[in-house]
Every structure is written in structure tokens, then in C-alpha cells.
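Participant: fold the following for me, if possible:
(one chain, ligands or ions: 2)
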Amino acid sequence: MHAKSVALLNKAVADELSAVHQYMYFHFHCNDQGYDLLAGLFQRTAIEEMLHIEQLSERILFIKGEVKIAASEPVSEIKDVAAMLQKARAMEEGSVRDYNLWANECGAAADSVSKKLFEALVADEERHYDQYDTELENLSKFGDHYLALQSMERSKTRAAMAAAPAP
Ligand SMILES: [Fe+2]
Ligand SMILES: [Fe+2]
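Facilitator: Ligands and ions are numbered 1, 2, ... in the order given. From the prediction side, this is the model:
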């Protein structure tokens, strides 16, 4: 009934899968380099993108489509923190642009529920964009101190855990 919507929703599933893979890759590498704050941000965002996949898939199945589980892009093997944040910010910018367009396309095809879903996702992607943008600003403002502070935070947390009495 809603062939156009199914195609757009599946394109979104593919992009969300790419985001999950990319952010998990960044999460692992930030964790490995000792940047806990950024590692946590990438992990939490990856989980949110996974929840987007769930919402999109539920809608596809409700309108009797088939969910295609295939990422749209391979993972970029970026290890530099500034380049990670730039890549992530560009991905969110792309999602905001696409989901706004696709919301309109679903509306034009008389599928207001899919339209609303895309509009709700735009709000989340704008928030993700803003989070990455803020971290990039911090990085350019504080330079290497920003990363050094994150490493020191990890040492403090580990020291506090070691000092805590056993339950
Ligand atoms: Fe998303
Ligand atoms: Fe996002």
C-alpha cells in the first residue's frame, strides 16, 4: 500500500545501521585511547541509532513491507579524534537533511504516520549533531588539554574504584 514509504524507511534503516557500526568503531577506539567521555558519547549515540532502527522496522512491518538489514556504507577506519567528530557530525547533518526530505515525501504520498516518524527522528539527529559539534568546539578551544583531561578523568575514576571498600 505504501511502497514509497517502505523504500524510504529501508534507506533510513541502512543509514542507521552504518551509523551504529561507525559509532561503535569510534567507541572502541576512544576507549582504547583512554578517552572515556567521548567513548561514552559514541556508545550512547550508537544505542539511540539502534532504537531508531527498531522504530523504522516496526513501521515497515506494520505497512506490510520487508525490512532490509544492510548498512549503506562501510566503516571509515578513523582513529584521530577530531576526524572522528567531524565524520560523525557530517553523518548527522546528512540524516537531518534526508529525514526532512523523506518526511515531506511520505506526507505527499498520504502516509502521515511515516512522516511523523521521520520528523521525530530529525529532532534526535539534530541533538546528536549538536553534541558532536560541542565536542569539536571544546577540542578546538582546549586542544590537547581537552584529551589530556579525559585521560586524567579515567585515572581518577580507577583510583576511586580501587579505594572503594568491597561490598
Ligand atoms: Fe538515527
Ligand atoms: Fe544520529
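Participant: what parts of this protein come near ligand 2?
Facilitator: When proximity is defined as C-beta under 5 Å from the ion, the chain approaches ligand 2 at 92, 125, 128. All C-beta spots, glycine's among them, are computed from the backbone N, C-alpha and C.
Participant: what's the local residue count around the closest residue to Leu61 other than its chain neighbours?
Facilitator: Spatial nearest neighbour of Leu61, chain neighbours left out: Val67 (6.6 Å); criterion: C-beta to C-beta, 6 or more residues apart in numbering. A total of 15 residues lie near Val67 under the criterion other C-beta atoms under 10 Å.
Participant: relative to ligand 2, how far out is Val67?
Facilitator: Counting by C-beta to the ion, to the nearest Å, the gap from Val67 to ligand 2 is 19 Å.
Participant: list the contacts for that residue?
Facilitator: Taking C-beta atoms under 8 Å, 6 or more residues apart in numbering as the contact definition, Val67 lies against 10, 13, 57, 60-61.
Participant: ok, now Ser18?
Facilitator: Residues in contact with Ser18 (C-beta under 8 Å, 6+ apart) are 71-73, 75, 91.
Participant: now do the same contact list for His117.
Facilitator: Not quite, residue 117 is Leu, not His. So Leu117 contacts 9, 55-56, 59 (C-beta under 8 Å, 6+ apart).
Participant: if you set the cut-off to 10 Å instead, what comes out?
Facilitator: Shown in contact with Leu117 (C-beta atoms under 10 Å, 6 or more residues apart in numbering): 5, 9, 12, 52, 55-56, 58-59, 99, 102-103, 106, 111.
Participant: tell me which element it is part of?
Facilitator: Using DSSP states H and E, Leu117 falls within helix 112-142.
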